[in-house]
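# Turn this into a model:
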Amino acid sequence: MALGLTGYVVFAVLLLTVGAFFMARGKARSSVGGDVRVLHSLPSYYGYNAAMFTAVPALGVMLIWMLAQPMMIENAVFKLIPDRIIEEGSSRGLVMSDVRRVAEGLDVAVAQGALTSDEAASIRSDSTDIRSLLGEVGVALGSTVDSEVLFAAQEYRNQSAGGLFWMSVIVMGLAIVGAAISISVTRAEFRARNVVERGALVLLILAASLAILTTVGIVLSMLFESINFFRLHSWSDFFFGSSWAPNFRGDSDLSILPLLWGTLYISLIALMVAVPIGLFAAIYLSEYASPKVRAAAKPLLEILAGIPTIVYGLFALLTVGPALVRIFGRGDDGLLGVEWMSGATAVLTAGLVMGIMLIPFVSSLSDDIINAVPQSLRDGSFGLGATHSETIRQVVLPAALPGIVGAVLLAASRAIGETMIVVLGAGAIAKFSLNPLEAMTTITTRIVSQLTGDTDFASPETLVAFALGLTLFVLTLGLNVLALYIVRKYREQYE
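Numbers count the residues shown, from 1 in each chain. As a prediction, this is how the structure comes out:
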């Protein structure tokens with residue numbers, strides 16, 4: 001119902017925007033008797049001005065409202081939760097997550113016809129098994145629902161419905177007022193083009209800021225949930241512990257170090273495969289290959305980047321892993337007569353396949369940056385008597401080094417964040433080991449594992465996923481800063 005109301009409001013605003021555009025454009029034409037040369041701006045600019053003042057303020061307020069309303073409602077409902085229902089090891093904020101899930105479950109039940117809106121507002125936990133009722137409509141709850149939690153969830157739904165109603169009224173009011181004012185100011189001397197161009201500039205600035213705001217939002221969301229995790233679990237065990245053994249019944253060992261070791265180990269093997277092959281391929285395509293060979297080989301090489309990672313994971317599980325077992329894992333029956341590898345899942349399996357996946361990331365970017373090196377540098381080297389290979393080693397590659405570092409950084413970030421190849425190729429064992437033929441796991445696979453299934457979202461075993469994600473973000477940010485330093489250092493030598 002809430003989504004339906006929001007959709008109707010958006011449709012009405014867009015319909016009003018189209019109407020305002022044609023009305024303003026028609027009024028501009030009629031105000032000069034059809035002689036558009038008298039107008040300050042083209043007639044379409046008057047229409048764009050009306051459309052902008054109709055849609056932008058209304059939809060902007062709607063967006064802000066939808067972002068702010070949940071926080072305001074949570075602050076109001078937050079006070080309804082009594083201290084006596086907060087269990088030891090939990091917090092009021094974590095209980096609010098249960099309130100939100102119950103409220104969303106009631107909305108789903110109403111949408112599917114299992115409950116009417118009045119029944120959802122008046123249902124009581126002492127007379128109805130809320131957990132079973134919501135389970136029938138596909139909403140899983142970790143435990144039974146207390147009456148206080150149900151009351152808070154019903155209040156959450158009531159305030160959400162009231163907030164959406166007033167949002168609809170205000171948004172439609174702004175759209176109507178904006179359309180009326182913009183149409184009323186439409187006349188021959190009105191500088192519509194200037195207003196529209198300033199408005200377009202503001203929208204472009206907002207669009208450019210979207211990436212920054214999105215990054216800030218992602219970091220804050222992980223940070224707040226990580227704070228909740230560290231309230232329930234020791235930070236020293238997380239950062240300095242030596243074992244990873246989650247137990248949803250409590251008393252878990254949740255150290256990131258074994259996961260971090262597996263992540264870096266697998267990523268290192270992947271880069272050892274991808275960087276040399278990708279860089280040599282880029283050098284060949286840019287410096288030695290003929291135009292016909294380059295036109296055919298580069299697209300074929302870049303096809304690797306379009307293969308889904310789940311396919312790479314299956315390739316690791318069904319092809320690369322068994323091949324390594326035949327070499328290292330069959331004892332006297334194997335090719336080497338040793339038995340170092342007990343199963344197909346291993347660090348080497350995931351590292352090799354991940355390296356194959358990363359080859360186009362390195363080769364394509366390196367090829368582009370090598371081609372961007374000025375031809376004058378090559379000509380000067382040839383003029384001094386250098387051979388082709390000497391020119392590549394001593395002139396082209398040093399000049400292209402900043403771009404190559406960027407390509408390697410992209411590959412490293414891609415390797416650190418990979419999940420499916422590791423799940424199918426490396427196993428799920430968190431431990432410290434230097435043996436690449438043993439199974440290990442990574443941070444990303446544990447994040448997926450901790451958030452999968454019917455788990456209690458308020459438990460440290462689930463919240464640890466956000467702490468892992470935040471740590472992974474900091475790790476990749478550190479790699480970016482280091483790469484930026486290297487790029488600037490070497491770029492100064494060639495500018």
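
# Show me what the longest helix anywhere in the chain is packed up against.
Secondary structure of the chain per DSSP state H: the longest helix is helix 192-232. With contacts taken as 3 or more CB pairs under 8 Å, 6 or more residues apart in numbering; DSSP states H and E, helix 192-232 sits against helix 43-78, helix 460-491. For glycine as for every other residue, the C-beta is placed from the backbone atoms N, C-alpha and C.

# Mean neighbour count and mean pLDDT for these - can I get that in JSON lines?
JSON lines is the format used below for the helices and strands packed on helix 192-232 (neighbours: other CB atoms under 10 Å; pLDDT from 0 to 100):
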{"stretch": "helix 43-78", "mean neighbour count": "19", "mean pLDDT": "87"}
{"stretch": "helix 460-491", "mean neighbour count": "17", "mean pLDDT": "80"}
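
# wait, which of those helices is closest to residue 240?
Residue 240 sits nearest to helix 460-491 of all the helices and strands packed on helix 192-232, at 12.9 Å, using CB to CB.

# from the middle of its chain, how far away would the closest one be?
14 Å (CA atoms, centre = their mean, to the nearest Å).

# What helices and strands are in contact with it?
For helix 460-491, the packing partners by 3+ CB pairs under 8 Å, 6+ apart come out as helix 192-232, strand 253-254, helix 257-283, helix 397-416, helix 443-450.

# and the angle from the third one to helix 443-450?
Taking axes from the mean of the first three to the mean of the last three CA atoms, to 10 degrees, helix 257-283 and helix 443-450 form an angle of 130 degrees between their directions.

# Tell me which residues of helix 257-283 come out buried.
Using 16 or more other CB atoms under 10 Å as the test for burial, helix 257-283 gives 257-267, 269-271, 273-275, 277-279, 281-283.

# and the angle from the helix or strand just after it to helix 397-416?
Following helix 257-283 in sequence order, the next helix or strand is helix 291-306 (DSSP states H and E). With the same axes, to 10 degrees as the basis, helix 291-306 and helix 397-416 are set at 30 degrees to each other.

# following helix 291-306, which helix or strand shows up next?
helix 309-315.

# In TSV: the helices and strands packed on helix 192-232, plus distance to residue 435.
What follows is the helices and strands packed on helix 192-232, written out as TSV (distance: least, CB to CB, whole Å):
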stretch	distance to residue 435
helix 43-78	49
helix 460-491	24
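
# nearest to residue 437, of those?
Per CB to CB, nearest to residue 437 of the helices and strands packed on helix 192-232: helix 460-491, 25.6 Å.

# mean confidence for the helix or strand residue 118 falls within?
Using DSSP H and E, residue 118 sits within helix 117-122. The average pLDDT within helix 117-122 is 69.

# Check stretch 81-100 too.
For stretch 81-100, mean pLDDT is 64.

# do stretch 324-343 as well
For stretch 324-343, the mean pLDDT works out to 66.

# what's the first-to-last distance across that stretch?
In stretch 324-343, first residue to last residue: 9 Å (CA to CA, to the nearest Å).

# dump the residue contacts of residue 33.
The contact partners of residue 33, by CB atoms under 8 Å, 6 or more residues apart in numbering, come to none.

# before we move on, what about residue 247?
Residue 247 makes contact with residue 461, according to CB under 8 Å, 6+ apart.

# now it, what's its secondary structure?
coil (DSSP: H, G, I helix; E, B strand; the rest coil).

# how much space is there between it and residue 253?
From residue 247 over to residue 253 the distance is 8 Å, taken as CB to CB, to the nearest Å.

# okay, now residue 150: neighbour count?
By other CB atoms under 10 Å, 21 other residues sit near residue 150.

# SS state for it?
The three-state label for residue 150, taken from three-state DSSP, comes out as helix.

# Against residue 73, how distant is it?
Applying CB to CB to residue 150 and residue 73 gives a distance of 16 Å.

# cool, and residue 299?
Distance of residue 299 to residue 73, given as CB to CB: 52 Å.

# And residue 35, by the same measure?
Distance from residue 35 to residue 73, by CB to CB: 55 Å.

# Residue 307 too?
Look at residue 307 and residue 73: by CB to CB, they are 44 Å apart.

# same check, this time on residue 465
25 Å.

# helices and strands of this structure: which one has the lowest mean pLDDT?
Between all helices and strands in the chain, the lowest mean by mean pLDDT, DSSP states H and E belongs to helix 130-136, at a mean of 66.

# give the contact list for the residue lying closest to residue 56 once chain neighbours are set aside.
Spatial nearest neighbour of residue 56, chain neighbours left out: residue 199 (7.2 Å); criterion: CB to CB, 6 or more residues apart in numbering. Residue 199 makes contact with 49, 52, 56, according to CB under 8 Å, 6+ apart.

# Which pLDDT value goes with residue 202?
Looking at residue 202, its pLDDT reads 90.

# again, but for residue 125
61.

# Now for the residue nearest to residue 309 when sequence neighbours are not counted, how many residues are close by?
Residue nearest to residue 309 in three dimensions, not counting chain neighbours: residue 420, with 4.4 Å by CB to CB, 6+ apart. Residues near residue 420, counting by other CB under 10 Å, number 18.

# Residue 420: what's it in contact with?
So residue 420 contacts 309, 310, 312, 313 (CB under 8 Å, 6+ apart).

# Adding neighbour count, pLDDT and distance to residue 28, write the residues you listed out as a markdown table.
Formatted as a markdown table, those follow (neighbours: other CB atoms under 10 Å; pLDDT from 0 to 100; distance: CB to CB, whole Å):
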| residue | neighbour count | pLDDT | distance to residue 28 |
| --- | --- | --- | --- |
| 309 | 18 | 86 | 54 |
| 310 | 13 | 89 | 56 |
| 312 | 22 | 89 | 58 |
| 313 | 23 | 88 | 60 |
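
# Just give me the neighbour total for the nearest residue to residue 252 once chain neighbours are set aside.
Counting by CB to CB, 6+ apart, residue 252 lies nearest to residue 246, which is 4.7 Å off, once chain neighbours are set aside. Neighbourhood size, residue 246 [other CB under 10 Å]: 16.

# Also residue 357?
Neighbours of residue 357 using other CB under 10 Å come to 26.

# Kindly report the same for residue 12.
Residues lying near residue 12 (other CB under 10 Å) number 16.

# Which of the helices or strands spans the closest residue to it other than its chain neighbours?
Closest residue in space to residue 12, ignoring its immediate chain neighbours: residue 172 at 6.4 Å, by CB to CB, 6+ apart. Using DSSP H and E, residue 172 falls within helix 147-184.

# Kindly report the same for residue 378.
Using DSSP H and E, residue 378 sits in helix 375-383.

# which parts of the very next helix or strand once past that helix are buried?
Downstream of helix 375-383, the next assigned helix or strand under DSSP H and E is helix 388-391. Applying a neighbour-count criterion of 16+ other CB under 10 Å, one finds residue 391 buried in helix 388-391.
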